[in-house]
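# predicted model, plus sequence, below.
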Amino acid sequence: MATAALHIAPGHVLNRIRRPALIVGAIGLAACVAGWIVDPTQFFRAYLVAYLFWTGVTLGCLAILMLQHVTGGTWGAVIRRLLESGSRLLPMMAVLFVPIAVGVRHLYEWARPEVVAGDAVLQFKSLYLNVPFFLVRAAIYFVAWIVVARLLNAWSLDQDRTAAHAPVRRMELLSRGGLVLYGFTITYASVDWIMSLAPHWYSTIFPLIVMGGQAVSAFGLVIPVFALLVIDGPLHDVITAKQFQDLGNLLLAFVMLWAYFAFSQYLLIWCGNLKEEIPWYLPRTTGPWYVIALLLMVFHFSLPFVLLLMRGVKRRPQVLMCVAVLLFIIHYFDVFWLVLPSFSHDRIPWHWLDLASVIGLGGLWIGAFLWQLTLQPLLPINDPALP
């Protein structure tokens with residue numbers, strides 16, 4: 001395997017879609033602004049779903065990047081530049097958190113004093129669930145994530161320039177602590193941003209479901225981009241089927257991990273049948289929301305699980321890319337299913353702002369991601385995992 005400084009050619013499909021992605025993103029965000037003016041409450045709900053989805057992709061890239069530095073191996077070295085490009089978008093996601101901060105009282109009932117005044121449970125939890133502390137915690141999360149991502153990216157470039165072992169050791173040590181930090185911060189962020197939408201409900205395994213979903217969504221985006229770079233791109237003569245098989249195995253592992261956590265939470269709450277826990281599941285497993293629950297069971301686990309067991313699927317870039325895209329799309333509906341039943345129990349509140357938000361943030365994210373990808377060689381030149 002060669003480790004030359006490969007770059008995306010100007011005429012490659014990824015370069016050609018960068019500008020259209022930004023244009024579509026700008027149109028979507030403009031539509032969101034119009035929606036904000038017309039119906040602020042609906043805008044904040046749709047924006048929250050889209051924001052959580054794309055932030056999850058970004059954090060998934062950072063988590064997998066740290067996992068690669070800790071474990072080593074060719075599987076991570078060949079996609080490291082893609083993961084680094086995704087992690088460098090964390091400052092952008094921090095800025096895009098501003099609408100959530102502005103609309104916190106539209107989204108969370110614990111942020112409305114008139115609701116808290118008549119609810120003893122919310123009064124008890126107000127020491128933690130209050131707007132100033134909520135914003136301070138969000139700032140702490142983003143500072144921690146951005147610092148870790150910035151150091152890993154800087155040391156990766158040092159490795160390219162010097163071929164020294166010191167950057168490799170520093171990245172490994174930082175990633176060990178960074179994964180622990182990621183676990184803590186995602187635990188609290190998932191409670192703040194998602195679980196507190198239903199402030200009377202709680203689940204100790206819920207943050208693990210969120211983490212598993214972030215890894216699936218990150219692989220769901222990175223694998224198709226990587227496949228395009230190999231099928232008709234600069235990595236065509238560099239990457240072998242073995243690397244795709246490794247990535248397919250990892251995607252299978254995280255699909256199984258997500259399903260294990262999700263089913264464990266459901267099983268424990270179903271067995272306990274406690275009035276404090278079951279109200280969260282009742283609207284999500286009955287009525288129209290039951291259809292989305294079935295779609296998640298089939299397309300977020302069952303079908304990908306069967307396909308990814310097949311060696312031929314994982315060794316063919318075109319086929320693996322299709323499975324990854326399926327998981328990437330269906331994970332949006334997972335976030336949709338986690339968030340919106342807290343606002344609407346008896347119906348699925350489809351709204352044009354849902355589409356505008358996910359396209360607006362997505363176009364901006366993809367355009368910025370592809371731009372970041374052009375700034376560095378596609379392979380870490382002096383990585384010891386690349387022979």
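Arrived safely.
# pretty sure residue 185 is touching residue 139, no?
No - the criterion here is Cβ atoms under 8 Å, and residue 185 misses it with residue 139 at 11.6 Å. For glycine as for every other residue, the C-beta is placed from the backbone atoms N, C-alpha and C.
# looking at the two, which is more packed in?
Each of residue 185 and residue 139 has its neighbours counted (other Cβ atoms under 10 Å); residue 185 has more, 20 against 13.
# grab the nearest non-local neighbour of that one.
residue 141 (4.8 Å; Cβ to Cβ, 6 or more residues apart in numbering).
# and the one you found, how far from residue 186?
8 Å (Cβ to Cβ, to the nearest Å).
# so what's residue 229 up against?
Residue 229 sits next to 8, 12, 14, 235, 378 when contact means Cβ atoms under 8 Å, 6 or more residues apart in numbering.
# make CSV out of those residues and add distance to residue 107, secondary structure and pLDDT.
Below are these laid out as CSV (distance: Cβ to Cβ, whole Å; DSSP: H, G, I helix; E, B strand; the rest coil; pLDDT from 0 to 100):
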residue, distance to residue 107, secondary structure, pLDDT
8, 39, coil, 84
12, 40, coil, 85
14, 35, helix, 89
235, 42, coil, 88
378, 40, coil, 89
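# ranking the residues you listed by neighbours, who comes first?
The most crowded member of those, judged by other Cβ under 10 Å, is residue 378 (24 neighbours).
# so residue 73 is in contact with residue 385, correct?
Yes - counting by Cβ under 8 Å, residue 73 touches residue 385, with 5.8 Å between them.
# these two: which has the busier surroundings?
Remark: of residue 73 and residue 385, residue 385 carries more neighbours, 18 against 13, as counted by other Cβ under 10 Å.
# and the more buried one, helix, strand or coil?
Put simply, residue 385 is coil when judged by DSSP: H, G, I helix; E, B strand; the rest coil.
# how much space separates it from residue 351?
Distance from residue 385 to residue 351, by Cβ to Cβ: 46 Å.
# that older thread, any idea which of the contacts of residue 229 is closest to residue 315?
Proximity of the contacts of residue 229 to residue 315 (Cβ to Cβ) peaks at residue 235, which lies at 15.6 Å.
# that closest one and residue 360: what is the separation?
31 Å.
# and if you look at residue 349?
For residue 349, the distance to residue 360 - Cβ to Cβ - is 18 Å.
# one more: residue 185?
Residue 185 sits at a distance of 26 Å from residue 360 (criterion: Cβ to Cβ).
# can you name the element that comes right after the helix or strand hosting residue 323?
Per DSSP states H and E: residue 323 is located in helix 317-339. Using DSSP H and E, the helix or strand that directly follows helix 317-339 along the chain is helix 352-373.
# tell me the buried residues in that following helix?
Buried positions in helix 352-373, judged by neighbour count with 16 or more other Cβ atoms under 10 Å: 353-354, 356-373.
# same deal with stretch 298-311?
Neighbour counts over stretch 298-311 (16+ other Cβ under 10 Å) mark 299, 300, 301, 303, 304, 307, 308 as buried.
# mind checking the end-to-end distance for it?
End-to-end distance for stretch 298-311: 21 Å, by Cα to Cα, to the nearest Å.
# residues in contact with it?
Counting by Cβ under 8 Å, 6+ apart, 216, 245, 248-249, 251-252, 255-256, 258-259, 313-314, 323, 326-327, 330-331, 334 sit against stretch 298-311.
# redo that, cut-off 7 Å
Stretch 298-311 has contacts (Cβ atoms under 7 Å, 6 or more residues apart in numbering) with 245, 248, 251-252, 255-256, 259, 313-314, 323, 326-327, 330-331, 334.
# where does pLDDT dip in the protein?
Within the chain, the ranges that satisfy pLDDT under 70 run 1-5, 387.
# redo that, cut-off 90
Residues of the chain meeting the criterion pLDDT under 90: 1-15, 72-76, 158-168, 202, 232-240, 272-277, 286-287, 344-350, 375-387.
# tell me how many other residues crowd residue 249.
Using other Cβ under 10 Å: residue 249 sits among 14 other residues.
# tell me what the helix or strand hosting it is packed against?
Secondary structure assignment for residue 249, by DSSP H and E: helix 241-272. Secondary-structure packing of helix 241-272 (3 or more Cβ pairs under 7 Å, 6 or more residues apart in numbering; DSSP states H and E): helix 74-77, helix 206-231, helix 278-281, helix 303-308, helix 311-315, helix 317-339.
# which positions within that helix qualify as buried?
Going by neighbour count (16+ other Cβ under 10 Å), the buried part of helix 241-272 is 243-248, 250-252, 254-255, 257-259, 261-262, 265-266, 269.
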